[in-house]
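Trainee: below: sequence and its predicted model.
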Amino acid sequence: MNQKPPIHTKFYYGWVIVFVAALGVFFSGPGQTYSNSIFIDYYIEEFGFSRSMVSGLYSAATLVAGFTLFMVGRMVDRFGQRFMMIGVGIGLSIALFWNAAIVGPVMMFIGFFLIRLLGQGSMTLVPNTLVPQWFIKKRGRALSVMAVGTFASSALFPPLNAWLIESFGWRTAWMTLGVSVLVIFVPITVWLVRNQPKDVGALPDGEAHRKPGDEEISGEISEVSWTLKQAMQTRTFWFILFCVSVPALVNTAVTFHIVSIMDMKGLGVGIAATILSVMAIVGFPTTFLTGYLADRFSIHYILAITFFGHVVTLLLLFFTDSVVLAFSFAVVWGMVNGFERIALNIVWPNYFGRMHLGSIKGLAQTVMVIGSALGPLPFGVFYDLFGGYQEAILAILIFPVAAVVLALLSPKPDPGDYGVDAGS
């Protein structure tokens, strides 16, 4: 294989990879709930569906996508990130065109399934397995830079969608999103992405090659790689697997219904959209702090702080009844999201290595998507039964509380305790 990078840079080419990965998670936006939530009330108005029905379709489609996503992780290990990012990008653009054409519940279900699988799931999974291949010592910092794409996405897409829908209609909005993925993301991925540092004659973190006669380990740094089967033998794996599902469940539930929640509190659609944007703006600098901390402290402590933040966030939402409290909720929620964007992604390569990361992260992403599928429907049911969301907010508190405890009980497992070869 040609070991020259596609473009010459004066810095480590891994940072170019981080840029494209950030672009990838940015374009996961059309499949994310913060983007889709803007369409929901327009669907209800046009098709005459109940909120429970739309929530049910969304949850069911997300659930099916979650079970399918595990196979995407396997395909990443088999075919590599570059091939998968190109394929997923093309598939997502087609899915967005499909959503522009829906005329009933079956097409809506298929549309939700496609954008959740290819957008929320795959366009998040693949970049998050790509960046750890290029960084070890600076992994936290690299992931924090990549997370810029996540927060730019959540800041841009809600107001962009609202403007497109109000100006041109929701069908044109979906078409516009599809074209943007196809003409921006896909060509850049074809041009710039390479799977590993060795594909461009480099080493992780941009380490210098050793001279002949020096030890072979060089810049690879001795990072133990567990297979999925080996990782599943540890208690830590299962505890962390539960933990990573919690933000997906809580965030999706709140975000999906944020417009309705704020309306019930007398604050309106404008405040709801502002909350999503403020959350993204606050989360952006928080990721850099989290990346710095993740390179220096055990990640399970950072996870525990993250889940405690979710408890505080939900309590703030419960008591929100003014613009000031809504803004406070958005700020704290943004900080929590800044922590989770790094902590939930760095824990897997830090604990279980890079070699089988696609399979391991694929299973984790599957659980996260399933968690996100379970959030919106109960909130919709609570709304239909009680005419509000306060009871649902209190009920969902149990999950982040449990996650705090499990995170504290989940330090990095010792490979020797499970017969994992330290040289793998």
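Mentor: All right, it came through fine.

Trainee: C-alpha only now, for contacts and for neighbours.
Mentor: OK.

Trainee: F352 is in contact with K229, isn't it?
Mentor: No. If you go by CA atoms under 8 Å, F352 and K229 don't touch, sitting 11.1 Å apart.

Trainee: between the two, which contacts overlap?
Mentor: Counting by CA atoms under 8 Å, 6 or more residues apart in numbering, F352 and K229 have no contacts in common.

Trainee: the two: which is more packed in?
Mentor: Between F352 and K229, counted using other CA atoms under 10 Å, the more crowded position is F352 (24 against 10).

Trainee: how about low-confidence regions in the chain?
Mentor: 1-2, 209-222, 422-424 (pLDDT under 70).

Trainee: give me the residue at the spatial middle of it.
Mentor: Nearest to the geometric centre of the chain sits T124, at 5.0 Å (CA atoms, centre = their mean).

Trainee: list the contacts for that one?
Mentor: G24, V25, S28.

Trainee: go again with 10 Å.
Mentor: 21-22, 24-29, 31-32, 117-118, 150, 345, 365 (CA atoms under 10 Å, 6 or more residues apart in numbering).

Trainee: between those, which sits nearest P6?
Mentor: A21 (16.0 Å; CA to CA).

Trainee: next SSE downstream of the one helix or strand the residue nearest to the centre of the chain maps to?
Mentor: Assigned by DSSP states H and E, T124 belongs to helix 123-134. Where DSSP H and E defines the elements, the next helix or strand beyond helix 123-134 is helix 139-168.

Trainee: give the buried residues for that next one.
Mentor: 139-159, 161-162, 164-165 (16 or more other CA atoms under 10 Å).

Trainee: mind checking the SS state of V64?
Mentor: helix (DSSP: H, G, I helix; E, B strand; the rest coil).

Trainee: could you verify my assumption that it touches I370?
Mentor: Yes. If you go by CA atoms under 10 Å, V64 and I370 touch, sitting 8.1 Å apart.

Trainee: neighbour count for those two, which is higher?
Mentor: I370 (24 against 18).

Trainee: which element is the more buried one on?
Mentor: Applying DSSP H and E as the criterion places I370 in helix 357-374.

Trainee: for that helix, packing partners?
Mentor: helix 51-79, helix 123-134, helix 228-231, helix 235-256, helix 323-352 (3 or more CA pairs under 10 Å, 6 or more residues apart in numbering; DSSP states H and E).

Trainee: okay, the ones you listed, which one's buried deepest?
Mentor: helix 123-134 (a mean of 26; mean count of other CA atoms under 10 Å).

Trainee: downstream of the helix holding I370, the next helix or strand is which one?
Mentor: helix 376-386.

Trainee: beyond that next one, next helix or strand please.
Mentor: helix 390-396.

Trainee: quick check: angle from the helix or strand following that next one to helix 235-256?
Mentor: Sequence-wise, the next helix or strand downstream of helix 390-396 (DSSP H and E) is helix 398-408. Counting by axes from the mean of the first three to the mean of the last three CA atoms, to 10 degrees, helix 398-408 lies at 150 degrees to helix 235-256.

Trainee: give me the buried positions along helix 398-408.
Mentor: In helix 398-408, counting by 16+ other CA under 10 Å, buried: F399, P400, V401, A402, A403, V404, L406, A407, L408.

Trainee: which of these lies closest to G309?
Mentor: P400 (8.6 Å).

Trainee: for the closest one, give me its contacts.
Mentor: 243, 245-247, 249-250, 304, 306-312, 314, 406.

Trainee: how about 8 Å then?
Mentor: C243, V246, P247, F307, F308, H310, V311.
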